[in-house]
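1. build me a structure from this.
(4 chains)
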Protein chains: 2
Amino acid sequence: MLVEPARAAMLARLLDGRAWTATELSAAASIRPSTGSAHLSKLLALGWVEVLPQGRHRYYRLAGQEVAAFLESFARLAPDPEVRTPGERRASEALRHCRLCYDHLAGRVGVVWTEGLLAHGWLEASAAGYTATPAGRRGLVALGLAGFDETSEPVAGRTCMDWSERRLHIAGPLGRDLARGLLTLGWFQRDPRSRALWVTPLGREGYRRVFGRPLPEPPGSDPRG
Amino acid sequence: MLVEPARAAMLARLLDGRAWTATELSAAASIRPSTGSAHLSKLLALGWVEVLPQGRHRYYRLAGQEVAAFLESFARLAPDPEVRTPGERRASEALRHCRLCYDHLAGRVGVVWTEGLLAHGWLEASAAGYTATPAGRRGLVALGLAGFDETSEPVAGRTCMDWSERRLHIAGPLGRDLARGLLTLGWFQRDPRSRALWVTPLGREGYRRVFGRPLPEPPGSDPRG
DNA sequence: AGCTCATTTCGTTCCAAACCGAAACATAGG
DNA sequence: CCTATGTTTCGGTTTGGAACGAAATGAGCT
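-> Next up, the predicted model:
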């Protein structure tokens, strides 16, 4: 059941790709830990989440990309939850602008990054999705990203349909490595309370340097250059 | 809710891409029409199905390819429903062998058709999925398929992940036209009670003629040549 | 108009499951 | 050991919604 509010809230929390404790997930769903535990054991039985016991904590995370992709595709179909307060509006807008879709960039920024890489010849469309070109590997390594050097395996990625933009963006191993690298580089910063990502000044400047044009600003932001 | 048995049965029935009356769908779910009507109005409110009133009948069908793709991806994640009786086993095996996934071929046969067309150079992988090559268009037209002549729009298709085979196959407009054409040609025949497709002798012979090798038989079938 | 049949609406019953609090269990740390 | 904390299990309450039958609605047919 996906429309069950408590489970939906827990799964939404897990969609940032991180592992969360049972108590944290229960809090995210505004229910008591005992109730949350029951939900988590159901999700565990379904095989949608997996658990990593660490000491007295039990960290839950999504069981894999397939589950994440399924949940994202559900978000694309489900009617937008009602947005009432200004705070909710801001949060929703932040998600549409840039977020983690399990392990890769999504939202407006994820899409323009993907399309920029394609236009730049750093990414190539293949049967199943995307592949990094030799020029792209060199370029990414030059930016300081690890895991794209020539000696390693050919890095492939699949496509992922964005529920907010309704356009394709890069996912799969390639998308994951790219997002990881850009986070490590400090071009993006995680919102600790959601799966939204904030573009740092470093990231904005880096995008302009690589692609020769400014990164789109989130609507409603201060329109200074 | 997708695990609700009645709704799941109705949606499974609709996954063959056809439109069904409220009574037929209720029967497929083994519930009374009044109960079925309540479910259908919920699905309607969600935007997952749409209704086409015709006389005193109201024909329901899936609201589009996105919904169908979502339901198929759910089937890929959900644990296989328990198969008990020999009849259920036969039905399940028929679905795995060849079925309609909303509007295009799926199952083993859908996958080998796709891979055959690719190997043959009639289909080409592109960014978003597949495109028919000029040679492919000529070949398909020569087989008697409509809608692939050179003068018409370039026919593009997207990929669809098969829940039973876990391999990609051709969907989208191209996949739809291909399935329609092959049905019209009499190479496949619909099972009136499910979304299974039966390969006719014509279809078996046609496949061998085009691809130079026999179509895989469903396991457990009579192994005569 | 009167009949039939498909569908929906309404009223009601009933069960599954969502929820909580208390208690049990497990692990970390003093 | 003993305590503090995170998690699950257990009982019990409550509620949402899935189900049915009866009646209302609406479209075709004669």
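2. which of the residues in the helix or strand containing residue A:91 are buried?
-> Per DSSP states H and E, residue A:91 falls inside helix A:86-97. For helix A:86-97, a neighbour-count test (16 or more other C-beta atoms under 10 Å in any protein chain shown) marks A:91, A:93, A:94, A:95, A:96, A:97 as buried. (C-beta placed from N, C-alpha, C; glycine too.)
3. can you tell me which of those residues is closest to residue B:211?
-> The closest of the buried residues of helix A:86-97 to residue B:211 turns out to be residue A:96 (C-beta to C-beta; 45.7 Å).
4. now do the SS call for residue A:105.
-> When classified by DSSP: H, G, I helix; E, B strand; the rest coil, residue A:105 comes out as strand.
5. what's the helix holding residue A:91 in contact with?
-> The contact list for helix A:86-97 (C-beta atoms under 8 Å, 6 or more residues apart in numbering or on different chains) reads A:80, A:83, A:107-109, A:164-165, A:191, A:194-196, A:198, A:218-220.
6. domain ranges for chain A?
-> Domain assignment for chain A by automatic domain parsing gives A:5-63, A:87-211.
7. least confident of those, on average?
-> Looking over the domains of chain A, mean pLDDT reaches its minimum on domain A:87-211, with a mean of 90.
8. first-to-last residue distance for it?
-> Taking C-alpha to C-alpha, to the nearest Å, domain A:87-211 runs 33 Å from one end to the other.
9. send me stretch A:2-13 as CSV with only the CA atoms.
-> Extracted in CSV, the C-alpha atoms of stretch A:2-13 (Å, rounded to 0.1, in the frame of the first residue of the first chain):
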residue,chain,number,x,y,z
LEU,A,2,1.5,3.2,-1.1
VAL,A,3,-1.3,5.6,-0.3
GLU,A,4,-1.1,4.7,3.4
PRO,A,5,0.2,8.1,4.8
ALA,A,6,2.6,6.6,7.4
ARG,A,7,4.3,4.2,5.0
ALA,A,8,4.3,6.8,2.2
ALA,A,9,6.1,9.3,4.5
MET,A,10,8.7,6.7,5.6
LEU,A,11,9.4,5.7,2.0
ALA,A,12,9.6,9.3,0.9
ARG,A,13,12.2,9.8,3.6
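10. before we move on, back to that, and which of the buried residues of helix A:86-97 is nearest residue B:156?
-> Comparing the buried residues of helix A:86-97 against residue B:156 with C-beta to C-beta places residue A:96 closest, at 27.4 Å.
11. residue A:5 contacts residue A:29, correct?
-> Yes - with contact defined as C-beta atoms under 8 Å, residue A:5 reaches residue A:29; the gap is 7.4 Å.
12. just to revisit the earlier point, farthest pair in the contacts of helix A:86-97?
-> The distance between the two most remote of those (C-beta to C-beta) is 22.1 Å, for A:80 and A:198.
13. next, the most centrally placed residue in chain A: secondary structure please.
-> The C-alpha lying nearest the average C-alpha coordinate of chain A belongs to residue A:100 (C-alpha atoms, centre = their mean; 1.5 Å). Following three-state DSSP, the label given to residue A:100 is strand.
14. what does residue A:198 give?
-> Three-state assignment for residue A:198 (three-state DSSP): strand.
15. quick one on the thing from earlier: would you reformat the domains of chain A as a markdown table and include distance to DNA strand D?
-> Output for the domains of chain A, formatted as a markdown table (distance: least, C-beta to the nearest atom of the strand, whole Å):
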| stretch | distance to DNA strand D |
| --- | --- |
| domain A:5-63 | 3 |
| domain A:87-211 | 17 |
